[in-house]
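Novice: Here is a sequence together with a model predicted from it:
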Amino acid sequence: QVQLVESGGGLVQAGGSLRLSCAASGRTFSSYPMGWFRQAPGKERELVAAISGSARTYYADSVKGRSTLSRDYAKNTVNLQMNSLKPEDTAVYYCAARLTSYSGSYIYTAYQEYDYWGQGTQVAVSS
């Protein structure tokens, strides 16, 4: 059974850092496209960062330059390092994976393109 479990969220002051981790189980995720999305209260779910099967990365403009997305192949995890956090980064962060019919080099940016989701981890940034 495929499962994605996020961790690393919490409460942090503006300017601080968090490292979100998505642990995958049920199969090896090293070649699957994966993404981190977030959803704030009253807002739509939005892409934060995505990584292709070939490890190309994409960042939303709102986090570009402050975030780094990477895979840990040994641990079967995808990690999102977020620095210089702002109050507007406050949201529930979700990890997602696309396991069906994918291109290794393509970066999927729409939430509808992902098949599996984690339960989310809360990030709260105080001013």
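Specialist: Sure, I can see it.
Novice: And the strands in this structure?
Specialist: Counting by DSSP state E, the segments of the chain that form strands are 3-7, 10-13, 18-25, 34-39, 46-51, 57-59, 67-72, 77-82, 91-97, 116-117, 121-126.
Novice: Spatially nearest residue to the residue nearest the centre of the chain, not counting backbone neighbours?
Specialist: Taking Cα atoms, centre = their mean, the centroid of the chain lies closest to W36, which sits 2.0 Å from it. Using Cβ to Cβ, 6 or more residues apart in numbering and skipping the chain neighbours, the partner closest in space to W36 is V48 (4.5 Å). To be clear about C-beta, it is placed using only N, CA and C from the backbone, and glycine gets the same treatment.
Novice: I figured that neighbour hits V92, correct?
Specialist: No: counting by Cβ atoms under 8 Å, V48 sits too far from V92 to count as a contact (11.4 Å).
Novice: which one of the two has more residues nearby?
Specialist: Higher neighbour count among V48 and V92: V48, with 22 against 18, using other Cβ atoms under 10 Å.
Novice: Could I get the pLDDT score of that one?
Specialist: As predicted, V48 sits at a pLDDT of 98.
Novice: Please list all residues in contact with it.
Specialist: For V48, the contacting residues are 35-38, 59-60, 62-63, 67, 80, 93, by Cβ atoms under 8 Å, 6 or more residues apart in numbering.
Novice: Could you turn the buried ones of the residues you listed into a PyMOL selection?
Specialist: Entered in PyMOL, the line below selects the buried ones among these, by 16 or more other Cβ atoms under 10 Å:
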select buried, resi 35+36+37+38+59+60+63+67+80+93
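Novice: Nearest to L11 among the contacts of V48?
Specialist: Y93 (13.4 Å; Cβ to Cβ).
Novice: picking up where we left off before, for the residue nearest to the centre of the chain, list each beta-bridge partner.
Specialist: W36 has these beta-bridge partners by DSSP bridges: A49, C95.
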